[in-house]
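Novice: Here is a sequence with its predicted model. Questions after.
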Amino acid sequence: MALRFSVLASGSTGNAMYVETPTQRLLVDAGLSGKKMDELFTEINRDPKELDGILVTHEHSDHIKGVGIFARRHKLPIYANEKTWNAMDKHLGTIPVDQKFHFNMETVRSFGDLEVESFGVSHDAAEPMFYVFRHNGRKLVLATDMGYVSDRIKGTIKGADMYVFESNHDLNMLRIGRYPWNVKRRILSDVGHVSNEDAALALTDVIADNTSRIYLAHLSLDNNMKDLARLTVAQSLHEQGMGVGEQFELYDTDPIKPTALTVV
């Protein structure tokens, strides 16, 4: 009776995550082309036609690029809050009314044997929200695209068995990088993205004894590196007395390669 997931793709070029239980199969976001999404499902040996729906976090293109074509191709219901629907509707193409559903922020919705809780985040989108998945006593958290991690969010996500958590940029790489100042200011703002350092600080407050895996997600191609993110987070957690490689493991995610389908 397992809860399983795969981070299909994660990064500034496109994001998608697959979650399944014995009776439910859900996709969170589809920020790559319809063709690439099909290829990612083939890599994890799953058929997108068996999906029960797509949950959308917010309307930025790296999260919705393939939502419209993927939903039409496989006749999938789409779930998003009202403000996100209003912001993304024109970008999806025509979606039949019977495939459009509302999932309000700060609510819990049951999909068969899978309970999904939505929570709001601070990001420069209409009404961005991410998700906590619960099944058979297990808890999985997806939390990216956050300018900062509030105490309210920490309370919602605390004590998960596994986290997919934003570690977007290295502060020094961002500051000396090629981005114009207005873009840097946006990333560093309270509606931007969480740095490696801030990810570690937030994780310190939410990791529990049952936490076994943390996947560092939404890494910037220009302002971060997998090894650097993992090293920075691991070192900071170690300084707080948390044993990476002992109590829990840190894992990478990739913009084009899915993680192994993993039991939570």
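Specialist: Looks like it arrived, so ask away.
Novice: The closest residue to Asp190 other than its chain neighbours: neighbouring residues, count only.
Specialist: Leaving aside its chain neighbours, Asp190 sits nearest to Gly147 (4.1 Å; criterion: C-beta to C-beta, 6 or more residues apart in numbering). Backbone N, C-alpha and C define where each C-beta goes, glycine included. The local packing of Gly147 (other C-beta atoms under 10 Å) involves 20 other residues.
Novice: and what of Ala2?
Specialist: Ala2 has 12 neighbouring residues, counting by other C-beta under 10 Å.
Novice: and the gap between it and Asn136?
Specialist: With distances taken as C-beta to C-beta, to the nearest Å, Ala2 is found 8 Å from Asn136.
Novice: what touches both of those two?
Specialist: With contacts taken as C-beta atoms under 8 Å, 6 or more residues apart in numbering, the residues that reach both Ala2 and Asn136 are Thr21.
Novice: Run through the residues that contact the residue nearest to Asp190.
Specialist: 121-124, 189-194.
Novice: likewise Arg46?
Specialist: Going by C-beta under 8 Å, 6+ apart, Arg46 touches 18, 20, 25, 261.
Novice: packing partners for the helix ranked longest in the chain?
Specialist: Within the chain, and with DSSP state H defining each element, the longest helix by residue count is helix 226-239. Counting contacts by 3 or more C-beta pairs under 8 Å, 6 or more residues apart in numbering; DSSP states H and E, helix 226-239 packs against helix 196-206, strand 213-217, strand 249-252.
Novice: what angle sits between it and strand 213-217?
Specialist: Here helix 226-239 runs at an angle of 130 degrees relative to strand 213-217 (axes from the mean of the first three to the mean of the last three C-alpha atoms, to 10 degrees).
Novice: And helix 226-239, what's buried?
Specialist: For helix 226-239, a neighbour-count test (16 or more other C-beta atoms under 10 Å) marks 228-230, 232-234, 236-237 as buried.
Novice: next one: stretch 70-88
Specialist: For stretch 70-88, a neighbour-count test (16+ other C-beta under 10 Å) marks 70-72, 74, 76-81, 83-85, 87-88 as buried.
Novice: and if you look at stretch 129-139?
Specialist: Going by 16+ other C-beta under 10 Å, stretch 129-139 has these buried residues: 129-135, 138-139.
Novice: Give me the angle between the longest helix of the chain and helix 196-206.
Specialist: Angle between the axes of helix 226-239 and helix 196-206 is 40 degrees (criterion: the same axes, to 10 degrees).
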